[in-house]
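**Student:** sharing a sequence plus its predicted fold:
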Amino acid sequence: MTKPGRRTSLALRITVVCLAVAGVAVVVAGLVAARLVNSAGKDVLQQSLAAQANVLAGQFDGGIPNARFRAGRITEVVRGQGITVVVQRPNGKPAGDDPIATRAAAKAGLNGNSSQQVLIDGEQFLVETRSIGTGETFALVQSVDAQGVAMRKLIRNILIALGIGLLVAALAGVALGRLLSRPLRHAAAVAASMRGGRRDLRVPIEGPAEVAEVATSINELADALRYSEARQREFLLSVSHELRTPLTAVNGFAEAIADGVAEGEDARRAGDTIQREAQRLERLVSDLLDLARLGADEFRLDLTGLDLVALVTDCAEVWRLRCATREVALEVVVPPHPVHVVADPRRLRQVIDGLAENALRVTPAGAPIVLALTVDGQARLAVRDGGPGLAAEDYPVAFDRGVLNKKYRDKRPVGSGIGLALAHGLVTRMGGTLTAGPAPEGGAAFTVTLPLAR
């Protein structure tokens, strides 16, 4: 079995996810904030420029000084703010200190009062135009790119925030990953101990709902394994007991023949006993193999249509003779017409023989065994006996391997402990059900239910 490749831990994955989420959130927020700040900066700058233009325009009420003095006065007021003043006399050209700003004012048009944004050689300018006298106009021009320093500061702040956010996300991811993976590490440790044979350990139920479900499932698995292994040990003990009895008889009689103790008629009887016990061992081994193969893919059933009435009648002919030797009456109740089902004839006969053998084993002389076939939308074949029956709590577990054998082997004749389990598995594989319950005759009733053939 090849080992799986090295996988990244849950804590590392959570940390990476937290970093990715934080990085995307900070970048998106930074981009949105930059656009909003840029737009808001333009609006604020435009409003400030408009306010200064209104203030300067208000200073020129009444007489107007000469143009040179007027331009110098306005330039002194706004020059320190990075604003260029462009003046246009009546029937003259715009004049200003900065040629590019002058072109921006000319492009905006020095006509009346206006607020505009113009683009000159790829650079954006805000232009506020005001009329200040008879035919004279001035404009305040400011480059939007003056905000570049502020934008660079904003970007630098965004990068700092991104770094802080990623650092916090990394620390949070590590802490969260360790917190979430701790229950899983506990579960992995318990599972490793279970693999080594421990069944007494349990995983603490903690953490998120999904992790708690994993812990609960592992605990339930541990309980199921513990129960299953206990049942297997009991089954092995039961089978060992069943094997020991015929082996003891075979060994004892074989020694008697080998030592010359059994001769003549005694040797013949010893040989008959050895043969019977060997056949018993063969049946037991065959049942064990069938039970082991029952859940495997190689177990095959030859399903075909058959008349259940004919099968029960043939089976009854054999069991009537065996019942007569034990002074047990065999009653057969079948419909007067054929009952067709789809099943494996050999395996179904094996089930009926096994149930009949169990019934004959516990039925005393004078009591009946009944094979009753009824039809009520399904075919129901019941094998009932007049024996001591089972306790009420035994019927639900009658088909569990070795349960009845363990409970009753010191009280009455019992089988190998696997016959009922094998019969239940065979009937289930054929699409039917096998149930147990009390019989009207006083003993137990085992009922095979099969769907009718269409």
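**Tutor:** Looks like it arrived, so ask away.
**Student:** need the helices for the stretch 1-150 of the chain, in chain order.
**Tutor:** 10-58, 67-78, 99-108, 148-195 (DSSP state H, counting those that start in this stretch).
**Student:** out of those helices, deepest packed?
**Tutor:** Ranked by mean neighbour count under mean count of other C-beta atoms under 10 Å, the helices of the stretch 1-150 of the chain are led by helix 99-108, which reaches a mean of 20. Backbone N, C-alpha and C define where each C-beta goes, glycine included.
**Student:** got the CA coordinates for that one in PDB?
**Tutor:** This file holds the C-alpha atoms of helix 99-108, laid out as PDB (Å, rounded to 0.1, in the frame of the first residue of the first chain):
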ATOM      1  CA  PRO A  99       1.600  79.800 -20.500                       C
ATOM      2  CA  ILE A 100      -0.100  76.400 -19.900                       C
ATOM      3  CA  ALA A 101      -2.500  77.800 -17.400                       C
ATOM      4  CA  THR A 102      -3.200  80.700 -19.900                       C
ATOM      5  CA  ARG A 103      -4.000  78.100 -22.600                       C
ATOM      6  CA  ALA A 104      -6.300  76.300 -20.100                       C
ATOM      7  CA  ALA A 105      -8.100  79.600 -19.400                       C
ATOM      8  CA  ALA A 106      -8.400  80.400 -23.100                       C
ATOM      9  CA  LYS A 107      -9.800  76.900 -23.700                       C
ATOM     10  CA  ALA A 108     -12.400  77.300 -21.000                       C
END
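**Student:** my guess is residue 102 meets residue 87, correct?
**Tutor:** No - with contact defined as C-beta atoms under 8 Å, residue 102 does not count as touching residue 87 (9.7 Å).
**Student:** shared neighbours, the two?
**Tutor:** Counting by C-beta atoms under 8 Å, 6 or more residues apart in numbering, the shared contacts of residue 102 and residue 87 are 94, 95, 96.
**Student:** how far away is the first one from residue 113?
**Tutor:** Here the criterion is C-beta to C-beta, to the nearest Å. By it, residue 94 lies 16 Å from residue 113.
**Student:** what do you get for the last one?
**Tutor:** As for residue 96, its distance to residue 113 is 18 Å (criterion: C-beta to C-beta).
**Student:** and these two? Which one has more around it.
**Tutor:** Neighbour totals were compared for residue 96 and residue 113, and residue 96 leads with 22 against 13 (other C-beta atoms under 10 Å).
**Student:** list the contacts for the more buried one?
**Tutor:** Going by C-beta under 8 Å, 6+ apart, residue 96 touches 84, 85, 86, 87, 102, 105, 141.
**Student:** now the last one: closest residue in space, sequence neighbours ignored.
**Tutor:** Ranked by C-beta to C-beta, 6 or more residues apart in numbering and with sequence neighbours excluded, the top spatial neighbour of residue 141 is residue 101, at 4.0 Å.
**Student:** so residue 301 lies in a helix, does it not?
**Tutor:** No - under DSSP: H, G, I helix; E, B strand; the rest coil, residue 301 sits outside any helix and is assigned coil.
**Student:** I figured it was touching residue 429, is that so?
**Tutor:** Yes - taking contacts as C-beta under 8 Å, residue 301 lies within contact range of residue 429: 5.9 Å.
**Student:** the residue nearest to residue 141 touches residue 125, doesn't it?
**Tutor:** Yes - assessed by C-beta under 8 Å, residue 101 is found in contact with residue 125 at 6.8 Å.
**Student:** between these two, what contacts are shared?
**Tutor:** 141, 143.
**Student:** out of the contacts of residue 96, list just those in strands.
**Tutor:** 84, 85, 86, 87, 141 (DSSP state E).
**Student:** could you dump those into CSV with distance to residue 52 added?
**Tutor:** Shown next, in CSV, are the ones in strands among the contacts of residue 96 (distance: C-beta to C-beta, whole Å):
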residue, distance to residue 52
84, 12
85, 10
86, 14
87, 15
141, 12
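**Student:** now these as CSV including distance to residue 201 and neighbour count?
**Tutor:** Converted to CSV, the ones in strands among the contacts of residue 96 look like this (distance: C-beta to C-beta, whole Å; neighbours: other C-beta atoms under 10 Å):
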residue, distance to residue 201, neighbour count
84, 83, 23
85, 87, 27
86, 88, 26
87, 93, 22
141, 82, 28
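**Student:** neighbour count winner among residue 301 and residue 429?
**Tutor:** A side-by-side neighbour count of residue 301 and residue 429, using other C-beta under 10 Å, places residue 429 first with 17 against 14.
**Student:** what residues are up against residue 407?
**Tutor:** Shown in contact with residue 407 (C-beta under 8 Å, 6+ apart): residue 394.
**Student:** ok, residue 433 next?
**Tutor:** 427, 448, 449.
**Student:** tell me which entries of these lie within helices.
**Tutor:** Counted as lying in helices by DSSP state H, out of the contacts of residue 433, are residue 427.
**Student:** coming back round to it: which ones are touching the residue nearest to residue 141?
**Tutor:** With C-beta under 8 Å, 6+ apart, residue 101 has these contacts: 84, 86, 125, 141, 143.
**Student:** any chance of these in JSON lines, with pLDDT and distance to residue 166 too?
**Tutor:** Output for the contacts of residue 101, formatted as JSON lines (pLDDT from 0 to 100; distance: C-beta to C-beta, whole Å):
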{"residue": "84", "pLDDT": "79", "distance to residue 166": "43"}
{"residue": "86", "pLDDT": "78", "distance to residue 166": "48"}
{"residue": "125", "pLDDT": "84", "distance to residue 166": "39"}
{"residue": "141", "pLDDT": "83", "distance to residue 166": "42"}
{"residue": "143", "pLDDT": "80", "distance to residue 166": "35"}
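**Student:** what is the nearest of those to residue 29?
**Tutor:** Checking these against residue 29 with C-beta to C-beta, the nearest one is residue 143 at 28.3 Å.
**Student:** show me where this structure has strands.
**Tutor:** For the chain, applying DSSP E gives strands covering 84-88, 94-96, 114-120, 123-131, 137-143, 304-307, 329-333, 340-343, 368-375, 378-385, 433-438, 444-451.
**Student:** any chance of those in JSON lines, plus distance to residue 319?
**Tutor:** Shown next, in JSON lines, are the strands of the chain (distance: least, C-beta to C-beta, whole Å):
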{"stretch": "strand 84-88", "distance to residue 319": "121"}
{"stretch": "strand 94-96", "distance to residue 319": "126"}
{"stretch": "strand 114-120", "distance to residue 319": "109"}
{"stretch": "strand 123-131", "distance to residue 319": "108"}
{"stretch": "strand 137-143", "distance to residue 319": "113"}
{"stretch": "strand 304-307", "distance to residue 319": "18"}
{"stretch": "strand 329-333", "distance to residue 319": "6"}
{"stretch": "strand 340-343", "distance to residue 319": "19"}
{"stretch": "strand 368-375", "distance to residue 319": "8"}
{"stretch": "strand 378-385", "distance to residue 319": "10"}
{"stretch": "strand 433-438", "distance to residue 319": "18"}
{"stretch": "strand 444-451", "distance to residue 319": "14"}
